[in-house]
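>>> let me see the structure of the following:
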Amino acid sequence: MASFFDEIARNRMKSILLMLLFGLLFFVVILIFGVYLTGSVSFGLFVAVLLVIVYAGFTYFSGDKIVLKISRAKEADKSQYSELYSIIEGLTAAEQVPMPTVYIIDDPNPNAFATGRNKKHASIAVTTGLLGIMDKRELQGVIAHEASHIGNNDIQFMMVAIIFAGVIGLMAVFIRNLFFFGGLDGNNRNNGGLLLLLALAAGIIAPIMATLIRLAISRKREYMADANGARITRDPAALASALRNIQKYTAKPAARPVRSANEMTAPLYFSNPFNKKNVSNLFSTHPPLEDRINKLEHMY
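Model prediction:
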């Protein structure tokens, strides 16, 4: 058995190491992008970093609004959802974070997510399906998990991961186009073999690696939020029970994915919003439900 604190520390360290690996991959891709774009490493890096800053700035200040818009989330009426507000107020106070804005998503899939650019500008969104199948203890477990994402700075952590993966993907496409459509100048072509290998690595391997690292980070942060959510409520059984309910829902033939979820927003959700089992955990946004439940049931 593991304590709340052991699980939190273990997954925090793993996610930090993964982010450092992400940063290294990001630097290598920027370096190759700079050479392709200008023929000068220093100037190329300047241009690439400038583009990244613009892209990151837009994502940082507007990303949460875009996510809520895509998710068709509507701000919750406090009088209609008074119990939900009361639960969120209590748990965010316990986590020592400001009260987030509360949103409702009209969808039968039981799910939730937290988003925002920092602790002072955060939101928690829950689906009507979640409110429909959870009792108060289970709902507290789910909200504690989402409050943990805010308290652990996961909303910024995952935003950075999404930015990194997005920029690597865009640069990879640009490099492939330059290579295959004659964007290389004569000097670059004369350097032949090495440049070809770098182009193939940046254009094909790097985006795959970026995706795998981003998904691995997402899974580690989910484990950490489970452990921290259980610590806040001192009731890991309630969160395990909530996950069991979701497991039962996804096993039904009539179960449907979250209608408004997509590949960009999927890692933010409490559980996989697509209700699908992956051939390999490597390509999953979330840890297996059974694994999360097992950890919670053996936690103290």
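>>> contact partners of stretch 85-101?
Applying C-beta atoms under 8 Å, 6 or more residues apart in numbering, the external contacts of stretch 85-101 come out as 75-76, 78, 102, 114, 116, 119-120, 122-124, 136, 139-140, 143-144, 147-148, 150-151, 228, 232-233. C-beta: built from backbone N, CA, C; applies to glycine.
>>> is it possible to mark the buried ones in these?
Using 16 or more other C-beta atoms under 10 Å as the burial test, the contacts of stretch 85-101 include 76, 102, 114, 116, 119, 122-124, 139-140, 143-144, 147-148, 150-151, 228, 232-233 as buried.
>>> about what we covered before: in strands, which of the contacts of stretch 85-101 appear?
Among these, the residues falling in strands (DSSP state E) are 75, 102, 114, 116, 122, 123, 124.
>>> nearest residue to the middle of this protein?
residue 267 (3.8 Å; C-alpha atoms, centre = their mean).
>>> does that one touch residue 214 like I think?
Yes - counting by C-beta atoms under 8 Å, residue 214 is a contact partner of residue 267 at 7.4 Å.
>>> what touches both of those two?
Shared contacts of residue 267 and residue 214 (C-beta under 8 Å, 6+ apart): residue 162.
>>> circling back to that earlier point, just the ones in strands among the contacts of stretch 85-101 now: which is nearest residue 295?
residue 114 (20.3 Å; C-beta to C-beta).
>>> contacting residues for that closest one?
So residue 114 contacts 100, 122, 123, 124, 125, 146, 147, 149, 150, 154, 155, 268 (C-beta under 8 Å, 6+ apart).
>>> hang on, the fifth one packs against residue 107?
Spelled out, it's residue 125. No - with contacts counted by C-beta under 8 Å, residue 125 stays clear of residue 107, the gap being 10.2 Å.
>>> the two: which is more packed in?
Taking neighbours as other C-beta atoms under 10 Å, residue 125 and residue 107 compare with residue 125 leading, 27 against 22.
>>> find the nearest non-adjacent residue to that one, please.
residue 103 (3.8 Å; C-beta to C-beta, 6 or more residues apart in numbering).
>>> is the one you found bridged to anything, and to what?
residue 75, residue 125 (DSSP bridges).
>>> what residues are up against the residue nearest to the centre of the chain?
Contacts of residue 267 were listed using C-beta under 8 Å, 6+ apart, and they are 158, 162, 214, 215, 218, 285, 286.
>>> could you dump those residues to JSON lines with pLDDT, secondary structure and neighbour count?
Formatted as JSON lines, the contacts of residue 267 follow (pLDDT from 0 to 100; DSSP: H, G, I helix; E, B strand; the rest coil; neighbours: other C-beta atoms under 10 Å):
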{"residue": "158", "pLDDT": "77", "secondary structure": "helix", "neighbour count": "21"}
{"residue": "162", "pLDDT": "74", "secondary structure": "helix", "neighbour count": "20"}
{"residue": "214", "pLDDT": "80", "secondary structure": "helix", "neighbour count": "22"}
{"residue": "215", "pLDDT": "84", "secondary structure": "helix", "neighbour count": "22"}
{"residue": "218", "pLDDT": "84", "secondary structure": "helix", "neighbour count": "24"}
{"residue": "285", "pLDDT": "86", "secondary structure": "coil", "neighbour count": "21"}
{"residue": "286", "pLDDT": "92", "secondary structure": "coil", "neighbour count": "23"}
